[in-house]
Structure formats: C-alpha cells, structure tokens
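K.L.:
Turn this into a model:
(one chain, ligands or ions: 1)
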Amino acid sequence: MTKKDIQLELYGDTSEVAVIRLTRPKKRNAINDGLILAIRDLFEKLPKSVRAAVIDGEGEHFCAGLDLSELQERDAAQGVFHSRMWHAALEHVQYGPVPVVAALHGAVVGGGLELASACHIRVADETTFYALPEGSRGIFVGGGGAVRIPRLIGTARMTDMMLTGRVYNAQDGERIGLAQYLVPNGTAFDKALELAVRIASNATMTNFALTHVLPRIADQPADQGFMTEAMMAAIAQSAPEAKDRVRAFLEGRAAKVQKA
Ligand code: 1HE
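P.N.:
Numbers count the residues shown, from 1 in each chain. Predicted structure coming up:
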C-alpha cells in the first residue's frame, strides 16, 4: 500500500460528505494489508464535519478483493489474525460514525463484495458484476462475508456463488438484494453522492439508529427487538432536532412525501 492507494475528499458546503476512493486501478483495487488498515484508519478518523460517506473505486472495477499476491505467505495462525484484521476494519465501516454508500461498478468480487456488504447502501451501475471466487481458489471468505452476505441474499444464494462460481450481473444483483439501486453506466458515483448528501441532512439520531441499532435489532429475538425498538424510538423522538422537524411539518414548512 502506498499513500496513493486510497484518497479522502470532502464534499458539500460544510464538508459533510466524505468520498473515500480506492485508487489502485492497475491492480483492480485489490486490497493488500496496508490498504485494509488504511480503510480502517480513514473511517476511524473521519473529520468531525462528516455526516455521510461514499466509497468508490477508481477505474473500471470497484474492487477485485483480497490482494492474492500476499496470500501464499501466511500460515494458519497468521491467517486467523489476517481475517480478524479485515473484521476490525470493516466493523469501522459498518459501525463507524456515519452511514456509508458504496458506488459499485465492474468487479465487486471476493473481499470487494465483503467491503460493499459492510456499507449501508449499495448503488450499482450496469457494468457491475458480483462473485465470490474464493470458492474456486480453494479458500473461504475472511472479511465478514459469511456473516453479512447471507443477511443480504440468504445463505442458499451465497452457498451457490461459492460452490459453483456463479457470477451475478448488475440486474440480477439488484433483484436479489446485493444492491438497493441500479443506475446507468458510469453514474453510480453521482447517484451515491446524491444519496449521501441527502443522508447527511438527516437528524443525527436517525442515522445512528439506522446504522447502529437497526442491524442489532434485526439480530435479536422478536421480544428483545421490540423492546430495543421502543427504547430507540423514545430516544430519537426526544431529541430537540426531532421535535423541530415534526413541528416544521405540522406548520407546513417541511416537504411532504411525494408519490414515487
Ligand atoms: C490482482 C487481483 C487480486 C487483479 N489480487 N492482483 N479476487 C479474485 O479472485 C479476483 C481476481 N481478479 C480477477 O478476476 C480480474 O482481475 C478482474 C475480473 C477483477 C478484472 O479483470 P481484468 O481483465 O480487468 O484485469 P486483470 O488483467 O485480471 O488484472 C490486472 C492486474 O491486476 C493484474 O496484474 P498485472 O501485474 O499482470 O497487471 C492482476 O494480477 C492484478 N489483480 N485482481 C492481486 N485480487 C478477506 S478474504 C477475501 C478473499 C478474497 O477476496 S479472494 C478473491 C480474490
């Protein structure tokens, strides 16, 4: 990893959106140890002004996954620690300070799909394709994919991807839940940025509830989930910002929901 393998740029009048870009296009943004640690550090130390983030990959591919040139060097113990290093880094993406929107295009494979699945929203353009080539390379996912990907598409589909090398194209990826948005070629970044700007304008507690609390509720038994929901609802609605926003609607100063 060199410093130029990842970039941070700030967007918006108050620098409220961070754009984090993998900039290793010659290696299809494959992630080596230095790059996964850099992702962790960037999400850990985002500037205070940032309220939403976009993650993008330079060139024709979002990310080709683990840098395979480093794989052969590890024994079993080092392999465990390596996987745990990915877990720690992607934990910072999923449970970091702000919602993260992934701008997908080209290859979203292996660790690239694991990175994308740690984000909160995935926007894919029509060039996107998804695969888990670990299956055919004789290895297993190690970046949290075994936990996050079945939650997006189900265990059966992930098993199929790994056992048979199945590749999903952009349309089918959106259909099965790998991405929430499918957009024309070359527009994933623009759409992701548009969404991040919108997300950055939400109440802080709403974004926190959706990124930190909702996924935990989803993993709780229903009885506990209802209780956690009640607690979160009470905390969110008691924030002054929530009261201001509800009052603005009642006084006709806030946007109505528009028909889709
Ligand atoms: C790489 C990697 C990589 C490209 N590690 N060097 N991931 C994979 O098994 C996917 C492997 N990559 C590919 O299947 C293809 O490269 C792509 C479909 C992504 C793109 O194809 P293409 O034709 O545009 O590029 P290319 O010619 O294959 O690759 C360009 C260069 O990038 C080439 O190096 P060069 O020195 O010959 O120019 C490739 O070797 C290099 N490259 N992908 C290392 N992944 C936490 S555990 C996660 C486990 C995994 O992610 S396993 C899945 C790994």
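K.L.:
drop to CA atoms for contacts and neighbour counts, all remaining ones
P.N.:
Will do.
K.L.:
Report the separation between residue 31 and the ligand.
P.N.:
7 Å (Cα to the nearest ligand atom, to the nearest Å).
K.L.:
Return the residues in contact with that residue.
P.N.:
Residues in contact with residue 31 (Cα atoms under 8 Å, 6 or more residues apart in numbering) are 63-67, 111.
K.L.:
for residue 7, same thing?
P.N.:
19-23.
K.L.:
now residue 105
P.N.:
60-62, 124-129, 186, 188 are the contacts of residue 105 under Cα under 8 Å, 6+ apart.
K.L.:
Check which residues of the longest helix seen in the chain are buried.
P.N.:
Scanning the chain for the longest helix, with DSSP state H as the assignment, gives helix 76-94. By neighbour count on 16 or more other Cα atoms under 10 Å, the buried set for helix 76-94 is 82, 85-94.
K.L.:
Okay, helices next: where are they in the protein?
P.N.:
Going by DSSP H, the chain shows helices at 33-44, 76-94, 111-118, 134-137, 145-153, 155-164, 170-176, 188-200, 204-208, 214-218, 222-238, 240-250.
K.L.:
Quick one, which of those helices gets closest to the ligand.
P.N.:
Counting by Cα to the nearest ligand atom, the ligand lies closest to helix 111-118 out of the helices of the chain; the figure is 3.6 Å.
K.L.:
Would you mind confirming that residue 183 is in contact with residue 127?
P.N.:
No: shown here, residue 183 and residue 127 do not form a contact pair, counting by Cα atoms under 8 Å, at 9.6 Å.
K.L.:
I'd like to know which residues of the chain are adjacent to the ligand.
P.N.:
26-28, 30, 64-69, 83, 86, 107, 110-111, 133-134, 141-143 (Cα under 6 Å from any ligand atom).
K.L.:
show me what contacts residue 133?
P.N.:
Contacts of residue 133 (Cα under 8 Å, 6+ apart): 109-110, 162, 165.
K.L.:
from those residues, which is closest to the ligand?
P.N.:
Closest to the ligand, out of all of those and judged by Cα to the nearest ligand atom, is residue 110, at 3.5 Å.
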